[in-house]
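**Q** Below: sequence and its predicted model.
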Amino acid sequence: MGTESGCAVEKQTQCMQSFRLLTEHRELLVVRIKNIQCVLDNLVRSGFFCTEDAEIILRFATKTDQVRKTLELVQSKGEEICQYFVHILHEAYDAFIDLRPWFEEIQYQPSEQIQSIPVINTDPVSKYCEKLRRELGQDTKFIISYAQSEETLLDKMYTDTLMELVNDRNESQGYLDSLDELFSNNGVFNQDAETILILGDAGTGKSILLQKLQNLWSKREPSIQVKFFFKFRCRMFCVFKETDELSLKDLLFKYNCYPDNDPEDAVFKYIQRFPETVLFTFDGYDEIHSDFDFSSIPEVCSPEQKTHPFLLLMNLLSGKLLKGSKKVLTARMGTEIQNKVLRKKLILKGFSPESLRRYTTLHFKERTSQTLVLNQLEANPHLCSLCSIPLFCWIIFKCFEHFQSVYVNYQLTDLNVTITDVFLLMSEVFLSRLTNPSLLKKSNRCQSETFKSGRDILIAFGKLAHQGIEKTRFIFNQEEITSLSIAEKELHLGFLRPIGHYDGCGNPTTFEFVHVTLQSFFTAFSLVADEDVGCKDILKFFAECEYRKARHFPKFPVMSCLRPSKPWDKDPFKNNEHFQFTNLFLCGLLSRTKVSLLEHLVSPKMLKKKREVLKSYLSDSVKSHLKNLPRFKSEHEGCKVHGMPNFIWMLRCIFETQSEEVGKLTAKGISADYIKLTYCNAYSADCSAINFVLHHCRKQIGLDLDNNNINDYGVKQLQPCFSKLSVVR
Ligand SMILES: Nc1ncnc2c1ncn2[C@@H]1O[C@H](COP(=O)(O)OP(=O)(O)OP(=O)(O)O)[C@@H](O)[C@H]1O
């Protein structure tokens, strides 16, 4: 009895406290309660108010009068409703963000009884956050599949990749233990900047990493503490016309999702007031290229002002717009962005040997297949190196899976492992979708037959790819596709995938190759197999990759620090990897080992001529390239040459030709005693290419491979030429 009356007194005091609280802080509440609708929604739902009460309040013209009337009514109805009123303000956190300091000041402690009455947040900001989370969760649940017929759950396949932290001088600062550390202070070299840059080669998993981040946020992963998450692909900023204009609000909502029932623009106002609650991801900065002149566009813009979308991107990244928001930007290696806009920098290095094993076990569910693949990988370090790039690994595993399901005793090691082999295999798998699976099973695998019957399709895709690469275009519309007589069913073989229209209507009338490297492969295929392409023309993309000394940029006032500084004199944004890959595949397709296959697709005479043209070009350019490498004398190590990243591309091309003759010629041209290949962005599979050339050297030579991405597999691939190496670093 005594305790009951004690409780009653306590409750009464609490109620009285709330009543008094409302009286004492009336003016503060009148000013700071902005979202009266949310208060009314809860009071009506819980039965403290009837709908007429709410209607009476909403008849008042101003917000402050509505709050005054609400307080009056609440206080007239007794103590419990006063308590619940305060509780609504506390629980609907985002709706009453301005009251947070007040709650701290009064050290708010709700009673158990009041906590049992639910509060729903009908505030547009909170509802929008929920909507964003829901949509991002749906968008990122599955890995964007290259084989459109199937979808893989991200959670079932995601495997951590190596993330190396580097400082402003690109020196290694160690590896991240997990994605959680991305936003930590570890590795920050510029406290004033807000953009975290993730660099990586094609297919190392930059987009998937962002997808994982988005997915974690949608599941309320505590390490990503932001309320809003907006994702963009940088490529979309190039599809606008020079005269197109957008406001920041349009950019955010049109390309992510719109707030519902927000007549007063509360969501956007919130974003402007609390930019630190926003995270942006911009994928593929290297894909930005543009033909138009920015000199007429002003450099700075305001959140209200409409301007070219590209300007919005630049201003966001440099922190001039929505200062305080977090940004994660990805780009291919070699894309240069000045440190002054970067907070920290990471390099994505693909799968470590342990991750590769883990990915293998995730990919192959059955224990016998797992063991088989792991053993075959173990036996072939070059294959392992290719597989350390997740994209190539995925293609190789998918092809293996396909051939194993169709033919008896298919071995992964049957695959000669050049990148061209991998892409030929992928094309074979896609083309085989045209054949009835039961017919496939009955026959023996015959790659040349599959290609012969699919020749017209390959030529058509080749033309499409070629037209695109020539103009640095990666998106194709329906008309371009139909003009090349690519039929509907061929669109679904897997080479192309539909993408959103970026006109805001989500109209999937445009397509892209499933990966830009596949577009390069098809371009090379077109150069080789299309009889409309003359012999000399096959070399045209080599010219795009030559190192030009002139550093000359078009007039461009916009934040020069964000302008990728590339050593060629055309479009400053142009990344030339799609040309490099085209040349690489050209070398692969014109190699001796592919003659027997290609003779089914192109006249032997033409093929021979194209092979000769390429060989003579390679011989000449190898000689002049080696002659022009920067060299210097060292007291102990003799004459040193410094290879540039372009030198690595050249070695890759030579390896792809598999021509001992060109390999020997290159070795002969290396007159130096020491080759320095530091910071050349070489990865472990490149060691096969280095070995391919260096094992021909007559004399011993020093080799410095510091600051690249070489793991144990790379070292194994170098072993055959160890006897030719005086020093290896
Ligand atoms: N962490 C990962 N776990 C599992 N699979 C991955 C991972 N990262 C990448 N992949 C596989 O590799 C493919 C290519 O990855 P992704 O598109 O992210 O590469 P990228 O670095 O963005 O390439 P690009 O620079 O060419 O756009 C993915 O579709 C997926 O199949």
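**A** Arrived safely, thanks for sending.

**Q** Tell me who's in contact with residue 33.
**A** Contact partners of residue 33, counting by C-beta atoms under 8 Å, 6 or more residues apart in numbering, are 39, 67, 89, 96, 99. Bear in mind the C-beta positions are built from the backbone N, C-alpha and C, glycine included.

**Q** Dump those residues into a markdown table; add pLDDT as well.
**A** As requested, the contacts of residue 33 are arranged in a markdown table below (pLDDT from 0 to 100):
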| residue | pLDDT |
| --- | --- |
| 39 | 95 |
| 67 | 96 |
| 89 | 95 |
| 96 | 89 |
| 99 | 92 |
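
**Q** which one of the residues you listed is nearest residue 142?
**A** Nearest to residue 142 among the contacts of residue 33, counting by C-beta to C-beta, is residue 96 at 37.4 Å.

**Q** The closest residue to the closest one other than its chain neighbours: what's it in contact with?
**A** Leaving aside its sequence neighbours, residue 96 sits nearest to residue 89 (C-beta to C-beta, 6 or more residues apart in numbering; 4.8 Å). Shown in contact with residue 89 (C-beta under 8 Å, 6+ apart): 29, 33, 39, 96, 99, 103.

**Q** Most neighbours out of the contacts of residue 33, which is it?
**A** Within the contacts of residue 33, most neighbours by other C-beta atoms under 10 Å means residue 39, with 27 neighbours.

**Q** related to what we said a few turns ago, out of the contacts of residue 33, who's nearest residue 594?
**A** Taking C-beta to C-beta as the measure, residue 96 is the one of those closest to residue 594, at 68.4 Å.

**Q** which other residues reach the lengthiest helix in the chain?
**A** Using DSSP state H, we find that the single longest helix of the chain is helix 604-628. Contact with helix 604-628 is made by 527-528, 531, 535-536, 538-539, 542, 586-587, 590, 595, 598-599, 641, 646-647, 650, 653-654, 657, 659, 661-662, 665-666, 669-671, as judged by C-beta under 8 Å, 6+ apart.

**Q** Give me the buried subset of the residues you listed.
**A** Among the contacts of helix 604-628, those classed as buried by neighbour count (16 or more other C-beta atoms under 10 Å) are 527-528, 538-539, 542, 586-587, 590, 598, 641, 646-647, 650, 653-654, 657, 659, 662, 665-666, 669-670.

**Q** Which parts of the stretch 551-700 of the chain are helices?
**A** 577-589, 595-598, 604-628, 645-657, 660-669, 686-694 (DSSP state H, counting those that start in this stretch).

**Q** Let me see the contact set for the closest residue to the ligand within the stretch 301-450 of the chain.
**A** Relative to the ligand, the nearest point of the stretch 301-450 of the chain is residue 390 (3.3 Å; C-beta to the nearest ligand atom). Going by C-beta under 8 Å, 6+ apart, residue 390 touches 159, 161, 203-205, 208, 350-351, 359.

**Q** nearest to residue 688, of those?
**A** Nearest to residue 688 among the contacts of residue 390, with distances taken as C-beta to C-beta, is residue 350, at 15.9 Å.

**Q** Would you tell me what the next helix or strand after the helix or strand of the chain with the lowest mean pLDDT is?
**A** Ranked by mean pLDDT, DSSP states H and E, the weakest helix or strand in the chain is helix 437-442, scoring a mean of 57. Next helix or strand after helix 437-442 toward the C-terminus (DSSP states H and E): helix 447-453.

**Q** Now the helix or strand following that following helix: buried residues?
**A** Sequence-wise, the next helix or strand downstream of helix 447-453 (DSSP H and E) is helix 455-470. The neighbour-count check on helix 455-470 (16+ other C-beta under 10 Å) flags 457-469 as buried.

**Q** Show me what helix 455-470 packs onto, helices and strands only.
**A** When contacts are defined as 3 or more C-beta pairs under 8 Å, 6 or more residues apart in numbering; DSSP states H and E, helix 455-470 sits against helix 419-431, helix 478-483, helix 516-529, helix 577-589.

**Q** ok, and what's touching whichever helix or strand comes after the shortest one?
**A** Think helix 478-483. Proceeding N to C from helix 478-483, the next assigned helix or strand is helix 488-491, under DSSP H and E. Applying C-beta under 8 Å, 6+ apart, the contact partners of helix 488-491 are 434, 457, 460, 481, 511.

**Q** Now with 10 Å, please.
**A** 148, 430-431, 433-434, 454, 456-457, 460-461, 478, 481-482, 496-498, 511 (C-beta atoms under 10 Å, 6 or more residues apart in numbering).

**Q** model confidence over that helix, on average?
**A** What helix 488-491 shows for mean pLDDT is 82.

**Q** cool, and stretch 599-613?
**A** Stretch 599-613 comes out at a mean pLDDT of 92.

**Q** got it, and stretch 224-233?
**A** Mean predicted confidence for stretch 224-233 is 92.

**Q** List the contacts of the closest residue to residue 522 other than its chain neighbours.
**A** In this structure, residue 522 finds its nearest non-sequential neighbour in residue 465, 3.5 Å apart by C-beta to C-beta, 6+ apart. The neighbours of residue 465, taking C-beta under 10 Å, 6+ apart as the test, are 474, 476, 495-496, 513, 516, 518-526, 578, 582.

**Q** make it 7 Å
**A** Residue 465 sits next to 513, 519, 522-523, 526 when contact means C-beta atoms under 7 Å, 6 or more residues apart in numbering.

**Q** got it, and residue 309?
**A** The contact partners of residue 309, by C-beta under 7 Å, 6+ apart, come to 237, 240, 244, 246, 251.

**Q** Can you select the buried ones among the residues you listed for me in ChimeraX?
**A** Selection of buried members from the contacts of residue 309 for ChimeraX, criterion 16+ other C-beta under 10 Å:
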select :237,240,246,251
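
**Q** just the contacts of residue 309 that are near the ligand?
**A** The overlap between the contacts of residue 309 and the neighbours of the ligand (C-beta under 6 Å from any ligand atom) is empty.

**Q** thinking again about what came up before, in a markdown table, list the buried residues of helix 455-470 along with pLDDT.
**A** Below are the buried residues of helix 455-470 laid out as a markdown table (pLDDT from 0 to 100):
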| residue | pLDDT |
| --- | --- |
| 457 | 92 |
| 458 | 94 |
| 459 | 94 |
| 460 | 95 |
| 461 | 95 |
| 462 | 95 |
| 463 | 95 |
| 464 | 96 |
| 465 | 96 |
| 466 | 96 |
| 467 | 94 |
| 468 | 92 |
| 469 | 92 |
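
**Q** May I see those residues organised as CSV, with distance to the ligand added?
**A** Shown next, in CSV, are these (distance: C-beta to the nearest ligand atom, whole Å):
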residue, distance to the ligand
457, 23
458, 22
459, 25
460, 24
461, 19
462, 20
463, 22
464, 19
465, 15
466, 19
467, 20
468, 15
469, 15
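
**Q** Which members of these are the farthest-apart pair?
**A** Pairwise over the buried residues of helix 455-470, using C-beta to C-beta, the maximum falls at 457 and 469, 18.5 Å.

**Q** picking that back up, among the contacts of residue 33, which ones are in helices?
**A** Per DSSP H, the contacts of residue 33 map to helices at 39, 67, 89.

**Q** near the ligand too, which of those residues?
**A** Answer for the ones in helices among the contacts of residue 33 near the ligand: none qualify (C-beta under 6 Å from any ligand atom).

**Q** okay, now the domains of this protein?
**A** When the chain is parsed with automatic domain parsing, its domains come out as 2-122, 127-348, 353-453, 455-596, 621-728.

**Q** neighbours of the closest residue to residue 643 other than its chain neighbours, just the number please.
**A** With C-beta to C-beta, 6+ apart as the criterion, residue 643 has its nearest non-adjacent residue at 4.7 Å, and that residue is residue 677. Residues lying near residue 677 (other C-beta under 10 Å) number 25.

**Q** before we move on, the earlier item: for the contacts of residue 465, which single residue is the most surrounded?
**A** residue 523 (29 neighbours).

**Q** That one: what's it in contact with?
**A** Counting by C-beta under 7 Å, 6+ apart, residue 523 has contacts 462, 465-466, 469, 582.
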